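Asker: everything below, folded, please.
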Amino acid sequence: MTHIKKRTIILGIVLFVAFSATVAYVLEPDTFGSWFNSFYWVMTTMATVGYGDFFAKTAIGKIFTIFLYIFGIGLLSLVIGKVIDSIAEIGRQRRAGKLPFVGEHHVILINWSKKAQAAVGEVLSYTPDCQIVIIDESGYHPLEQMKSRCHFISGDPSSDDILVKAGLARARAAIIFGDVRIDEAALVDGKSLLIASSIERIAPNVHTTVEIMQEKNVQNFRHVQVNEFVLSHDAVSRLAVRAALQEGNPEVIAQLISRSHGDDIYEVPVDRAWKTYGDAFQGLLRQGATLIADRHDLGINRKLTEPIPAEARLYIVSDEATYRKITGKR
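Answerer: Numbering: from 1, shown residues only. From the prediction side, this is the model:
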């Protein structure tokens, strides 16, 4: 009976309960008074609860009760076993990355590595309530201890089916890391480019960031309209040189790019009272923040007399409390 399909078992137990309740009522109508009371008695008997408010009084009724003990309890045990097995199967499929993600506004991390693991911590430090979906070709969940926050999808991340299963169209952002299992840098970028192309084709509105191994491939990623790209070895090399020639410089940069430190880089809305960059700089400074950039332009502090354009996106350095005070967030 353990090999019977779940639908067959459900249908069988429904029919068995209905049949038993009808037989009990027919055998002892005075005892139960209504079909519903006999149904209630059948359920409490099969569940081995036995409140004692209803019980068979005739010999044939007691024989039928014995029938319920033998077959009803066994059938209910089978159903409970199937339910437990189904729950265990869901857990196995989740660990194996077979279940689709049904949430939204999540962050998708593609190709698992130490960098991706560090990115998980960084994402959760920025937005503790954010859900993360990891896509990788391995067959097991890389962060089983964080399965409530990190969903795993196993498969080829360039495949439409896998990206749809990860809820790409509903995602907040997607980050593609270089596949560390590939030795050749050009092949790593080739795979990342293929994944980026699939993402831009399926969900062009999702903000996509790609780790690039070779600088010469940057133009190819710009061609597929990737929002952001990070040169894998470039940042490490620059920080190493600065550590050697400018003591303390890398530590400042590390603090700005990591949420684990007090101050961070935030985007703030443009106040209508600000006419020039100087107005914005002084206004933010009085609130405890330092204006550093408009989009990618880090030289705006040399343009304090220039008007703020309509499409401006201003970035500041401050702690989280100051940022929340400026933006009115709680």
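Asker: can you give me the helices in the stretch 51-200 of the chain?
Answerer: Assigned by DSSP state H, counting those that start in this stretch, the stretch 51-200 of the chain shows helices spanning 59-67, 73-95, 114-126, 160-165, 185-202.
Asker: so for the fourth one, what gets flagged as buried?
Answerer: Neighbour-count burial for helix 160-165, with 16 or more other C-beta atoms under 10 Å as criterion, is recorded at I162, L163, K165. Every residue, glycine included, has its C-beta placed from N, CA and C.
Asker: go on, the longest one?
Answerer: By neighbour count on 16+ other C-beta under 10 Å, the buried set for helix 73-95 is L75, L76, L78, K82, R95.
Asker: now the last one
Answerer: When burial is assessed from 16+ other C-beta under 10 Å, helix 185-202 yields the following buried residues: V188, D189, G190, K191, S192, L193, I195, A196, S197, S198, I199, E200.
Asker: same for that helix, what does it pack against?
Answerer: On a contact count with 3 or more C-beta pairs under 8 Å, 6 or more residues apart in numbering; DSSP states H and E, helix 185-202 meets helix 160-165, strand 173-176, strand 207-212, helix 218-223.
Asker: do the same with the third one
Answerer: Helices and strands touching helix 114-126, as assessed by 3+ C-beta pairs under 8 Å, 6+ apart, comprise strand 107-110, strand 132-136.
Asker: gap between the first one and the chain center?
Answerer: Taking the mean of its C-alpha atoms, strand 107-110 sits 9 Å from the chain's own mean (C-alpha atoms, centre = their mean, to the nearest Å).
Asker: do the same with the longest one
Answerer: Centroid displacement of strand 132-136 relative to its chain, using C-alpha atoms, centre = their mean, is 8 Å.
Asker: partner strands of the host helix or strand of F229, parallel or antiparallel?
Answerer: Using DSSP states H and E, the element containing F229 is strand 228-231. Applying DSSP bridges, strand 228-231 is found paired with strand 207-212 (parallel).
Asker: could you list the domains of the chain?
Answerer: Using automatic domain parsing, the domain ranges for the chain come out as 6-95, 107-236, 262-327.
Asker: and the ones you listed, which is most packed in?
Answerer: Of the domains of the chain, the one with the most neighbours on average (mean count of other C-beta atoms under 10 Å) is domain 107-236, at a mean of 17.
Asker: who touches A186 in this structure?
Answerer: M213, Q214, N217 (C-beta atoms under 8 Å, 6 or more residues apart in numbering).
Asker: just put the helices and strands packed on helix 114-126 in TSV and tack on distance to V120 and mean pLDDT.
Answerer: Listed next are the helices and strands packed on helix 114-126 as TSV, based on distance: least, C-beta to C-beta, whole Å; pLDDT from 0 to 100:
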stretch	distance to V120	mean pLDDT
strand 107-110	7	95
strand 132-136	6	95
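Asker: tabulate these in CSV, adding columns for distance to R181.
Answerer: CSV is the format used below for the helices and strands packed on helix 114-126 (distance: least, C-beta to C-beta, whole Å):
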stretch, distance to R181
strand 107-110, 13
strand 132-136, 10
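Asker: between these, which one is nearest to D297?
Answerer: Smallest distance to D297 across the helices and strands packed on helix 114-126 (C-beta to C-beta): 26.8 Å, for strand 107-110.
Asker: which other helices and strands does the closest one contact?
Answerer: helix 114-126, strand 132-136, strand 173-176.
Asker: pairing partners for that strand, with directions?
Answerer: If you go by DSSP bridges, strand 107-110 pairs up with strand 132-136 (parallel), strand 173-176 (parallel).
Asker: which of those strands sits closest to H105?
Answerer: Closest to H105 of the strands paired with strand 107-110 is strand 173-176 (C-beta to C-beta; 9.5 Å).
Asker: average pLDDT for the closest one?
Answerer: The average pLDDT for strand 173-176 rounds to 93.
Asker: contacts for it?
Answerer: With C-beta under 8 Å, 6+ apart, strand 173-176 has contacts from 107-111, 116, 119, 157, 168, 192, 195-196, 199, 206-211.
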